[in-house]
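[1] Pasted the sequence and its predicted model underneath.
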Amino acid sequence: MARSLIRKRCGWSAMLARHREPRHSSAPSYGRVETDCRPTARDLIFPERMAKIPAPRVLVVDDEALLRWSIAETLAAAGYDVVAAGDGAEARRALSDGQGLGAMLVDLRLPDTDGLTLIDEAHQHGINCPVVVMTAYGSVETLRAASGRGALRVVLKPFDLDDMVQVIRQVCPLPAE
């Protein structure tokens, strides 16, 4: 009777409850219930019962619409929350929204600005997230300038989308990893 009442009150965590009675006591024993607060097997089978951890937000800035869309869709399929921007003005609006970024993926050359300026503006807004710079114009000076501004990686175009997902996972891992 007591166990079924406990199951009704506590749910599945009561399945791990242990009912113990004192061994040497003259007082009537009602027992004591200890519950285990770790996730149960049912919680692991049905992960929607667990609290959801939001996916890291990645800002993708590229002026090539097809490449921007491809990167955004691939990262979204990998589990990231993606914000895409086609130029510096859209990227500035995304930076000023105040929503926390897990990473930035920025093209070096944009129509109205360059990626290094966007990195500086992100630091001015107090956003200190990992930055990956994409460029078709790779040179030693580009690498030095990007790393001097805080970019962790410089990726040369063209690249494989699966490789880009791996780069983003290295600089901004998903919560379950």
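    Noted; the coordinates are in hand.
[2] Check what pLDDT the nearest residue to R149 once chain neighbours are set aside gets.
    Spatial nearest neighbour of R149, chain neighbours left out: I119 (4.6 Å); criterion: Cβ to Cβ, 6 or more residues apart in numbering. Just so you know, the C-beta spots here come from the backbone N, C-alpha and C atoms, and that holds for glycine as well. Looking at I119, its pLDDT stands at 93.
[3] and I119, that one's in a strand?
    No - using DSSP: H, G, I helix; E, B strand; the rest coil, the assignment for I119 is helix, not a strand.
[4] residues near it, how many?
    Residues within reach of I119, counting by other Cβ atoms under 10 Å, total 21.
[5] ok, it - contacts?
    104, 106, 131, 133, 146, 149-151 (Cβ atoms under 8 Å, 6 or more residues apart in numbering).
[6] A91 too?
    Here A91 is in contact with 59, 61, 85, 106, 110, 118 (Cβ under 8 Å, 6+ apart).
[7] Go ahead and report the secondary structure state at it.
    helix.
[8] With the flanking residues excluded, which residue is spatially nearest to it?
    Among residues not flanking A91 along the chain, A85 sits closest, at 4.1 Å (Cβ to Cβ, 6+ apart).
[9] Mind giving me the packing neighbours of the longest helix seen in the chain?
    Ranked by number of residues, the top helix in the chain under DSSP state H is helix 65-77. Contacts defined by 3 or more Cβ pairs under 8 Å, 6 or more residues apart in numbering; DSSP states H and E place helix 65-77 against strand 57-61, strand 81-85, helix 161-171.
[10] is R153 in a bridge, and if so with what?
    V132 (DSSP bridges).
[11] For burial, what's the neighbour tally of it?
    Other residues near R153 number 17, with proximity taken as other Cβ under 10 Å.
[12] Kindly provide the distance from it to G102.
    Relative to G102, R153 is positioned 15 Å away (Cβ to Cβ, to the nearest Å).
[13] go on, T117?
    Counting by Cβ to Cβ, the gap from T117 to G102 is 21 Å.
[14] With A94 instead?
    From A94 across to G102, the span is 13 Å (Cβ to Cβ).
[15] before we move on, what about D160?
    22 Å.
[16] Isn't D107 up against L116?
    No - with contacts counted by Cβ atoms under 8 Å, D107 stays clear of L116, the gap being 10.9 Å.
[17] Tell me which of these two has more neighbours.
    More crowded of D107 and L116, by other Cβ under 10 Å: D107, with 24 against 19.
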